[in-house]
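>>> sequence isn't available, so here's the structure alone:
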C-alpha cells in the first residue's frame, strides 16, 4: 500500500479524526480547559506591559508600589491557576487518548475475529500480531499526547497572536512572516518520516513473523532437528539491522531543518528590537510594549517547536493508520443474512445435504469442489474418502460454514446454512481434527471453552466418556494443570481425548471428524476410538477416512476425486461397483500395515455391536 502523497493523507486523515467522534464530550471538555488555560497563560505577558509602563516606570517618574503589588499578586495567581489547568489538561488528554486506543484495539480485534478462514489461511500469524500490537501501540503517543498537544498549542499560539496584535500589529506582522515556512517544512518532513515509518513497521512485522515461527515449541523443534540455529539467527540479525537503520533515518529526517527553524525562533527578540527601532518613528511603541511583546514571543518558542514536531509525528502516524485501516477494510465474507433464523436448542435433527455445490478458493482457477450433491440422514455415519487433494476437508468446511459455496447450497435439516444465524449453526456442530488446538491455560479452561457455564458434574461426565478423567486426576494439579503452548505437555492421545471431551460438553447434533486418530500410536488410538464411539451416539457423524478398513460399517461412503463426487454407497455396494473405492480398498489391503492402528488410521468409530471399523 502506498504511503506517500497528499491524496492518501486526505483519505486517511478524516477516518483517523473520526476515531475521536465517540469521545467528543471528553474532547470538548479538554478543549474548554485548553482555551481557559491559554487565556490565563497570556495574562502575565499582557500585565508585563502594565508593570513596566504604569507601575515600575510611570510617566510621573516614581514607581507605583501599590499597583505593582496588586499586579504581581495577580501574576502569581495566574501562574498557579495555569499550573492547575495544565495538570487537569494532561489528565483529560491521557484518559481520552487511552479510551480512543481501547476503541481501536477492540474494533480491530473484533473485526479480525469475524473474518473468514480464507483470510487466516493466507495471512502470516506474526504479521497479524504485529498489526494489532506494534501498529496500534505505535499510535499511543499520537492519540494520547500528540493530538491533545496540537490542540493545546494551537489554541495557545492563537491566543498569543491575539495578545500580540493587541500590543502592536506592526510588530506582530514582523514576527509571523516566517510561520508559513515552518508549516511547509513540517509537512515535508512528516511525509518523509511517514514513508520511513511504514518501512519500519513492515520490518517489525517480518521480525514478529520470524519470532512467532522459530520461538514456538514446534519451530524450535524444527530448528534443532535440522540444525538451522545459525541461519535463523543470521536472518533475525539482518532484519534487526534493517530496523535499526530505518529507525535512525526516520528519527533524523528533517533534524537539520528543524534546528534552523528553532534558530529563527530564538533570534526572534533581536528581530523585534530591530523592528521596533525602525518603526518607532511611525508608530508609538513603548518600552513596556517591547518587553511584553518579546516575552510573548519567547513563550511561543516551545509551543511552535512542539507544533512542528507533533504535526510531523501525526503526519508520519498516518502510515500506521493506513495499516490498521487496511485490515478494518477487509470484508466479512461469512455474515448473517437479513432475517437469518436462530435454531431452537436441541431442535436440529442433523440431516445434511449438498445441492450442486461448487467451491473455489481465492483467486484459484480450479474448483476445489465441482457439482457435488449428496444427502446424509439424521444419525447416520457418513465417511468421506478419496485421494489427497480430492476435496474431503472442503466438504466439512462448508458444513460448518467456514466458507460459503461459490455456487449451489449446503443445507441442514432442509435449511440453507446461509439462512441460519452463524452462532446458532456452530453451536450445533462439533469438530475433532487430527491436530488438536489447546490454549496455554488449564485443562479446565480448555474444556470450558466449549461451554463456559458447564458444571463440575458435566465436566467429569464428559471427561469420563472421553476416557481421560482418571488421567487428569493423576496429575499434580488435576483439572487446573496447565497444558502448555498448544498442549505440548500432553501426549497426542491425551490431547485428542481432551478435544473429544470438549465436544461432548457442547453436545452437537452434527459431528465432524477430520482424521482424528491418524497420528496416534496403537494404544492411544484404542482409547480415542472408544471415546469416539460414545461421542457419535445419537448424532450425525461425518468422518474423513484414510484407512478404509475402519469405515466398513459406515451408513454411506462418499468417494471424492479431484473435487467431484464420483461414487457413493455402502462398503459392499462400492466394492461391487468396482470403481475408485474398490481400487483404493484393494491397494490398501495389499499394501497396508497389519491391522491395529498406527499412522494413517481413520477417525471413524464403530457403531456399537458392529465390531471395530
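Right, received. Where do you want to start? Quick caveat: nothing in here was measured; it's all calculated off a predicted structure.
>>> which stretches of this protein form strands?
352-359, 369-376, 381-385, 407-412, 415-416, 429-433, 510-514, 540-544, 556-561, 564-569 (DSSP state E).
>>> nearest to residue 299, out of the ones you listed?
strand 429-433 (66.7 Å; C-beta to C-beta). In this view, the C-beta of every residue, glycine as well, is placed from N, C-alpha and C.
>>> counting contacts, what elements does that closest one pack onto?
In this structure, strand 429-433 makes packing contacts with helix 492-506, strand 510-514, judged by 3 or more C-beta pairs under 8 Å, 6 or more residues apart in numbering; DSSP states H and E.
>>> and the residue nearest the centre of the chain, what does it touch?
Nearest to the geometric centre of the chain sits residue 132, at 3.5 Å (C-alpha atoms, centre = their mean). Applying C-beta atoms under 8 Å, 6 or more residues apart in numbering to residue 132 gives the contacts 105, 108, 109, 112.
>>> quick one, helices of the stretch 51-200 of the chain?
65-113, 117-122, 125-130, 136-138, 140-141, 147-167, 169-176, 179-214 (DSSP state H, counting those that start in this stretch).
>>> can I get the helices and strands packed on strand 429-433 in TSV with distance to residue 331?
Below are the helices and strands packed on strand 429-433 laid out as TSV (distance: least, C-beta to C-beta, whole Å):
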stretch	distance to residue 331
helix 492-506	29
strand 510-514	26
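>>> do you know which of these lies nearest residue 327?
strand 510-514 (28.7 Å).
>>> that older thread, from the contacts of residue 132, which would you call buried?
105, 108, 112 (16 or more other C-beta atoms under 10 Å).
>>> what pLDDT does the spatially closest residue to residue 211 that is not a sequence neighbour get?
Leaving aside its chain neighbours, residue 211 sits nearest to residue 126 (6.5 Å; criterion: C-beta to C-beta, 6 or more residues apart in numbering). What the model reports as pLDDT for residue 126 is 74.
>>> quick one: residue 126 from residue 485, how far?
Here residue 126 is placed at a distance of 15 Å from residue 485 (C-beta to C-beta, to the nearest Å).
>>> what ranges of the stretch 401-550 of the chain fall below the confidence cut-off?
516-525, 528, 549-550 (pLDDT under 70).
>>> quick revisit: which stretch among the helices and strands packed on strand 429-433 comes nearest residue 404?
Nearest of the helices and strands packed on strand 429-433 (C-beta to C-beta): strand 510-514, 17.0 Å.
>>> name the strands paired with the closest one and say parallel or antiparallel.
The strands beside strand 510-514 in its sheet (DSSP bridges) come out as strand 429-433 (parallel), strand 540-544 (parallel).
>>> so that strand versus strand 407-412, what angle?
Between strand 510-514 and strand 407-412, the angle comes out at 120 degrees (axes from the mean of the first three to the mean of the last three C-alpha atoms, to 10 degrees).
>>> tell me what angle strand 510-514 forms with helix 492-506.
Using the same axes, to 10 degrees: strand 510-514 against helix 492-506 is 170 degrees.
>>> enumerate every residue touching the nearest residue to residue 556 once chain neighbours are set aside.
In this structure, residue 556 finds its nearest non-sequential neighbour in residue 382, 4.9 Å apart by C-beta to C-beta, 6+ apart. Residue 382 sits next to 352, 376, 540, 541, 542, 543, 554, 555, 556, 557, 558 when contact means C-beta under 8 Å, 6+ apart.
>>> how close does the fifth one sit to residue 444?
Residue 542 sits 29 Å away from residue 444 when distances are taken as C-beta to C-beta.
>>> who has more neighbours, these two?
residue 542 (26 against 17; other C-beta atoms under 10 Å).
>>> partners of the more buried one in the sheet?
Applying DSSP bridges, one finds that residue 542 bridges with residue 382, residue 512.
>>> make sure it is actually in contact with residue 398.
No - judged on C-beta atoms under 8 Å, residue 542 makes no contact with residue 398 at a distance of 11.0 Å.
>>> distance of residue 293 from residue 586?
101 Å.
>>> which one of those two has more residues nearby?
residue 293 (28 against 13).
>>> could you export the strands paired with strand 510-514 as JSON lines, including distance to residue 48?
Listed next are the strands paired with strand 510-514 as JSON lines, based on distance: least, C-beta to C-beta, whole Å:
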{"stretch": "strand 429-433", "distance to residue 48": "76"}
{"stretch": "strand 540-544", "distance to residue 48": "84"}
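>>> and the residue lying farthest from the centre of the chain, how close does it get to residue 72?
Largest separation from the mean C-alpha position in the chain: residue 60, at 71.9 Å (C-alpha atoms, centre = their mean). For residue 60, the distance to residue 72 equals 20 Å [C-beta to C-beta].
>>> out of the buried ones among the contacts of residue 132, who's nearest residue 507?
residue 112 (28.9 Å).
>>> residues touching the closest one, list them.
Here residue 112 is in contact with 128, 132, 327 (criterion: C-beta under 8 Å, 6+ apart).
>>> could you chop this protein up by domain?
6-328, 352-591 (automatic domain parsing).
>>> worst mean pLDDT among those?
Looking at the domains of the chain, the bottom one is domain 6-328 with a mean of 78.
>>> any idea how far that one is from the chain center?
Averaged C-alpha coordinates place domain 6-328 at 26 Å from its chain's average position (C-alpha atoms, centre = their mean, to the nearest Å).
>>> swap in stretch 476-488?
That offset, for stretch 476-488, works out to 27 Å (C-alpha atoms, centre = their mean).
>>> report the buried residues of it.
Buried, per 16+ other C-beta under 10 Å, within stretch 476-488: 479, 481, 483, 486, 487.
>>> what's the end-to-end length of it?
17 Å (C-alpha to C-alpha, to the nearest Å).
>>> who's in contact with that stretch?
Under C-beta under 8 Å, 6+ apart, the answer for stretch 476-488 is 216-218, 436-444, 446-447, 459, 472, 475, 489-490, 495, 498.
>>> which ones among these map onto helices?
217, 218, 443, 444, 446, 447, 459, 472, 495, 498 (DSSP state H).
>>> just give me the closest of those residues to residue 66.
Nearest member of the ones in helices among the contacts of stretch 476-488 to residue 66, counting by C-beta to C-beta, is residue 444, at 78.6 Å.
>>> skipping adjacent residues, who's closest to that closest one in space?
residue 479 (4.3 Å).
>>> now do the phi/psi pair for residue 116.
phi -70, psi 170 (degrees, to the nearest 10).
>>> what sits against the closest residue to it other than its chain neighbours?
Nearest non-adjacent residue to residue 116, counting by C-beta to C-beta, 6+ apart: residue 333, 4.2 Å away. Residues near residue 333 by C-beta under 8 Å, 6+ apart: 115, 116, 118, 403, 404.
>>> quick revisit: how close does the residue farthest from the centre of the chain sit to residue 67?
Where residue 67 is concerned, residue 60 sits at a distance of 12 Å (C-beta to C-beta).
>>> residue 49 and residue 459: what is the separation?
Distance from residue 49 to residue 459, by C-beta to C-beta: 79 Å.
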